[in-house]
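Colleague: Provided below for reference: sequence and predicted model.
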Amino acid sequence: MEESKQQAVQVRLSNIYTALSRRTVALPGVMFVVVVIGWEFGIPALGVESYILPTPSEILASFVEEYPTIIEHLQYTLKAFAVGFVMTVVGGYLLALAMAEWSILETVLYPYVIAARSIPIITLLPIFIVWLGFGFSSIVAISHLISFFAMVVNSLSGFKSTDEELVEMVQSFSGNRRDVFWNVYLYSSLPYVFAGIKICVILAFTGVIAGEYLVGTEGIGHLILQYNNSFATDAMFATILAISVTQLLLFGLVVAIERKVVSWGDGVAQSV
């Protein structure tokens, strides 16, 4: 029993070593180390003051010092992101499904979807403030609208890529609309849907940060503004580091779910 456990550990370590030794992992890792070392020792050598560009060690030290404050504001940001992201994924998917089901709806709405996507959402901020006020609601609205159209377009592309022969086959076995959806449309659209979700997870989070920066009283975006006003550049970089790590984790979570759910959609091009 003990030997089998040791063998399993050895196999796992071997797999990790193999993954790390791949060029796709090793080369970016080496590049990262070179940049950090050059940044750490090159910036002081050039005489650049830390309030202009702090070194990685100063940023890391500031992150440790400001960690409780950063985490507190990050929780608020994630709450707004969760609301806006769920609204985007659910609303965008359902609208795309309705447009795919009723062609007249697509004919009527799709031009407006494209036209609305071309409008810079930030220009609508004064309207959001009038309608929703400052704070959480306006932030969620910005996050939702920035990411919504990408979800609609990608999901609709997935539904329209469905093989009509499969639809006819299900219908030939007396399948109704529900059967067609669960057995054909759902599976054929999933690669495109996840492509849209991966876009939206970045756009929605970025939208929250922008909203907090402009109209927020809490959150990471508002915290960056506070650090900027007090010239705490190292703390500002530490907050940006927290944002980057959080976005990578959120994106990685979506990718992990996609790999579990979708095993046949490799190489699907993103529509947006």
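Modeller: Thanks, I have it.
Colleague: Isn't residue 200 up against residue 149?
Modeller: No - using Cβ atoms under 8 Å, residue 200 makes no contact with residue 149, being 9.6 Å away. Yep, even glycine has a C-beta here, placed from its N, CA and C like the rest.
Colleague: Spit out the residues that contact the two alike.
Modeller: Among the neighbours of residue 200, those also in contact with residue 149 (Cβ atoms under 8 Å, 6 or more residues apart in numbering) are residue 92.
Colleague: between those two, who's got more neighbours?
Modeller: More neighbours surround residue 200 than the other of residue 200 and residue 149, with 27 against 24 (other Cβ atoms under 10 Å).
Colleague: Leaving out chain neighbours, which residue sits closest to residue 97?
Modeller: Leaving aside its chain neighbours, residue 97 sits nearest to residue 159 (6.6 Å; criterion: Cβ to Cβ, 6 or more residues apart in numbering).
Colleague: There's contact between that neighbour and residue 189 in this structure, I believe.
Modeller: Yes - if you go by Cβ under 8 Å, residue 159 and residue 189 touch, sitting 5.1 Å apart.
Colleague: For these two, indicate the residue with more neighbours.
Modeller: Applying other Cβ under 10 Å to residue 159 and residue 189 shows that residue 189 carries more neighbours, namely 26 against 23.
Colleague: tally of neighbours for the nearest residue to the more buried one once chain neighbours are set aside?
Modeller: Closest residue to residue 189 apart from its sequence neighbours, by Cβ to Cβ, 6+ apart: residue 158 at 3.1 Å. Neighbourhood size, residue 158 [other Cβ under 10 Å]: 28.
Colleague: got it, and residue 226?
Modeller: By the criterion of other Cβ under 10 Å, residue 226 has 14 neighbours.
Colleague: and residue 94, what pLDDT?
Modeller: With respect to pLDDT, residue 94 scores 92.
Colleague: what helix or strand is it on?
Modeller: Assessed by DSSP states H and E, residue 94 sits inside helix 56-101.
Colleague: Which elements pack onto that helix?
Modeller: Contacts defined by 3 or more Cβ pairs under 8 Å, 6 or more residues apart in numbering; DSSP states H and E place helix 56-101 against helix 23-45, helix 103-117, helix 136-160, helix 186-215, helix 220-229, helix 233-261.
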